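J.: What would the 3D arrangement of this be:
(one chain, ligands or ions: 1)
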Amino acid sequence: MNRSLELFSAAARVIPGGVNSPVRAFKGVGGSPRFIAEASGAFVTDVDGKRYIDYVGSWGPMILGHAPQSVIAAVQQAAAKGTSYGAPTEAEIQLAEKIIELVPSIEMVRLVNSGTEATMSALRLARAATGRDAIVKFEGCYHGHADALLVAAGSGAATFGVPSSPGVPEGAAKDTLTLPYNDIDALKALFAQRGGEIAAIIVEPVAGNMGCVLPQPGFLQALREVCDQSGALLILDEVMTGFRVALGGAQALYDIKPDLTTLGKVIGGGLPVGAYGGRRDIMEQISPAGPVYQAGTLSGNPLATAAGLATLEAISQPGFYDPIVARCAQLVEGIGQRLDAAGIPHLGYHVGTMFGLFFTEQSAVRNFSEAAKADHERFKTWFHGMLDEGVYLAPSGYEAGFVSAVHDDDLIEQTLAAAERVAKTL
Ligand code: PMP
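T.: Presented below is the predicted three-dimensional model:
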C-alpha cells in the first residue's frame, strides 16, 4: 500500500472523510487522494515521491506558482516579528490601498480570513444597507458555505449531489432566490415580480464552481440594470476571478461596476485571507464605523497580509498577465485539438488564467443544468489518466483549473503530450 493510501485511512479515523475540505477526498472521481509532501513552482510532490504538474494551485491562490521566493521571504520576515497581534498594523493599510488601487469599484475594504467570511459578511451588509432580506444567487455558483448561500450551490456541493445542505434551517434559506446562470429572461421576470424585496444579487462573474462557465454577452450588464431599477445591490463574488481573469478582476475584463466585491484566494498568496469592499457609503455602515457587526480575531493577520502584499506586488508588474493568459489559451486549445483528433466530443473554456473542460456533445455550456449534462463518467477517466501521467487537475468536473506564472512553454507541451496519450484511452 502506498503512503497516500495509508495516510488517507489514518486521516479518515480522525477527520471526517479524511479531509478538511470535501472535494480533496477524490470522492467525485473515485480513487484516493494524493497526500502532498511539498510544492514548488508549478509542481506538487506527493508523499510517495511522485511529482505532478499542478493546475489546481490550491484552488486558485497560487498564481505565482508554489513557494515563490518573494512571498516566502515576506512571510518569514513577518513571522519573525510575531504571528498575530489582534491590533492594527501598517501592512493592513498597505494591502487595503493596493486592493483599492487595483479594483477601482472598491473604495473601502475589510479583511477577513476566507472567501466564505467575505460573502457572508457582504450579504449581511447588503441586507442592512437596503433593509431587505431576499437575495438572488445562481444555480451552480458557489459562494462559500454560509447557510444562506448553500442553496443550489456548486463546487463540492454539486460534486456530491447535495447542492442544498442538510442542517441549513429553512429560515436561513427561504430568502435565497435562485435563478439559472445566464438567463436574462428569468432574471427580469423575477425582478418584475419581487424586485422590491431583493437586497442583493450575488454572482460569480465567471462561474468557476460548475466547471468554467462564461457569462454570456449582456448577462452581467443585465444584472447591473435590474439592480439599478430595483434598488438591490450587485455583489460580484470575485473570490476566484479576482486577480485571476485579469489584474482588475472580471469587473475590469467585462466593464461592470458592482456595489460590493468579495475577494479571497490570490489576495492571500496561499495564506487564509478574504476581503469584501465596495462603495464607501455602504462600507461605512460596518462596525465600528457603523452598526453592521463583523469581526475577526485573526483578520488582517500579519503573515497573511505580508503574503498578500507580496503577491499583489508581483502580479501588478506590467506585462505579468500576458504570457500566462496566452499559455492558458494554448493549453485549452491544445487539449481540444488532441481530443478532436481522438474523436472525443468536448467543450473547453478559458478566460484569463482560468479554464475548464466539459466532455459533452452540447454546443455550449451556459448554466448548471448544461454542466450537469456533461459526461462526468468520462471526466473521471480523463482525470485519472492525467494523474497517472503526472498532471494534477481538479478532481471534479464541477471545478475550474488554473495556470500560474511558472507554467512555462515546456510544461504546457508536456501536459499536451500527456493529454494526447490520455485522449486515446477515453
Ligand atoms: N466564492 C467563490 C467564488 C469561491 O470559488 C469560493 C471557494 N472556492 C468561495 C467563495 C469560498 O471561499 P473559501 O473556500 O475561502 O471560504
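
J.: what about stretch 407-426, average pLDDT?
T.: Mean pLDDT, computed over stretch 407-426, is 98.

J.: Thought A250 was touching K257, still the case?
T.: No - contact criterion C-beta atoms under 8 Å: K257 and A250 do not qualify, at 11.6 Å. Where C-beta positions appear, they are placed from N, C-alpha and C, glycine not excepted.

J.: got the contact list for the host helix or strand of A10?
T.: Using DSSP states H and E, A10 sits in helix 3-14. Contacts to helix 3-14, defined as C-beta atoms under 8 Å, 6 or more residues apart in numbering, come from residues 18-19, 32-35, 46-48.

J.: repeat for stretch 73-88
T.: Stretch 73-88 is touched from outside by 91, 271, 297-298, 300-303, 305-307, 309-310, with contacts defined as C-beta under 8 Å, 6+ apart.

J.: so of those residues, which ones are in helices?
T.: Here DSSP state H is the test, and the contacts of stretch 73-88 give 91, 302-303, 305-307, 309-310 as lying in helices.

J.: related to what we said a few turns ago, out of K257 and A250, name the residue with the larger neighbour count.
T.: The neighbour count for K257 versus A250, taken as other C-beta atoms under 10 Å, is higher for A250 (29 against 13).

J.: Determine the set of other helices and strands touching the host helix or strand of the more buried one.
T.: If you go by DSSP H and E, A250 is part of helix 249-253. Other elements packing on helix 249-253 under the criterion 3 or more C-beta pairs under 8 Å, 6 or more residues apart in numbering; DSSP states H and E are strand 233-237, strand 260-263.

J.: Can you list the low-confidence ranges for the stretch 151-300 of the chain?
T.: Across the stretch 151-300 of the chain, the ranges flagged by pLDDT under 70 are 161-163.

J.: Between all of the ones in helices among the contacts of stretch 73-88, which two are separated the most?
T.: Farthest apart among the ones in helices among the contacts of stretch 73-88 by C-beta to C-beta are P302 and A310. That separation is 12.4 Å.

J.: re the thing from before, buried subset of the contacts of helix 3-14, written for PyMOL?
T.: If you want just the buried ones from these in PyMOL, going by 16 or more other C-beta atoms under 10 Å, the selection is:
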select buried, resi 18+19+32+33+34+35+46+47
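
J.: Can you add distance to M283, secondary structure and pLDDT and give the contacts of helix 3-14 back as a markdown table?
T.: What follows is the contacts of helix 3-14, written out as a markdown table (distance: C-beta to C-beta, whole Å; DSSP: H, G, I helix; E, B strand; the rest coil; pLDDT from 0 to 100):
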| residue | distance to M283 | secondary structure | pLDDT |
| --- | --- | --- | --- |
| G18 | 40 | helix | 97 |
| V19 | 35 | coil | 97 |
| S32 | 44 | coil | 94 |
| P33 | 39 | coil | 97 |
| R34 | 41 | coil | 97 |
| F35 | 41 | coil | 98 |
| D46 | 43 | strand | 98 |
| V47 | 44 | coil | 98 |
| D48 | 48 | coil | 97 |
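
J.: count of residues packed around the residue of the stretch 251-400 of the chain found nearest the ligand?
T.: Going by C-beta to the nearest ligand atom, the ligand is nearest to G264 of the stretch 251-400 of the chain, at 4.6 Å. When neighbours are counted by other C-beta under 10 Å, G264 registers 28.

J.: Contact residues of the stretch 51-200 of the chain facing the ligand?
T.: 59, 114-116, 119, 142-144, 155 (C-beta under 6 Å from any ligand atom).

J.: try 8 Å this time
T.: Residues of the stretch 51-200 of the chain lying close to the ligand by C-beta under 8 Å from any ligand atom are 59-60, 114-119, 141-145, 155.

J.: which residue is nearest the middle of the chain?
T.: M240 (2.8 Å; C-alpha atoms, centre = their mean).

J.: which residues does that one contact?
T.: For M240, the contact set (C-beta under 8 Å, 6+ apart) comprises 59-60, 115, 204, 206, 208-209, 264-265, 354, 400.

J.: Adding secondary structure as columns, could you present those in CSV?
T.: Output for the contacts of M240, formatted as CSV (DSSP: H, G, I helix; E, B strand; the rest coil):
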residue, secondary structure
W59, helix
G60, coil
G115, helix
E204, coil
V206, coil
G208, coil
N209, coil
G264, coil
K265, helix
M354, strand
A400, coil
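
J.: any chance of those in a markdown table, plus distance to G277?
T.: Putting the contacts of M240 into a markdown table (distance: C-beta to C-beta, whole Å) gives the following:
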| residue | distance to G277 |
| --- | --- |
| W59 | 22 |
| G60 | 19 |
| G115 | 14 |
| E204 | 17 |
| V206 | 19 |
| G208 | 20 |
| N209 | 21 |
| G264 | 12 |
| K265 | 15 |
| M354 | 21 |
| A400 | 23 |
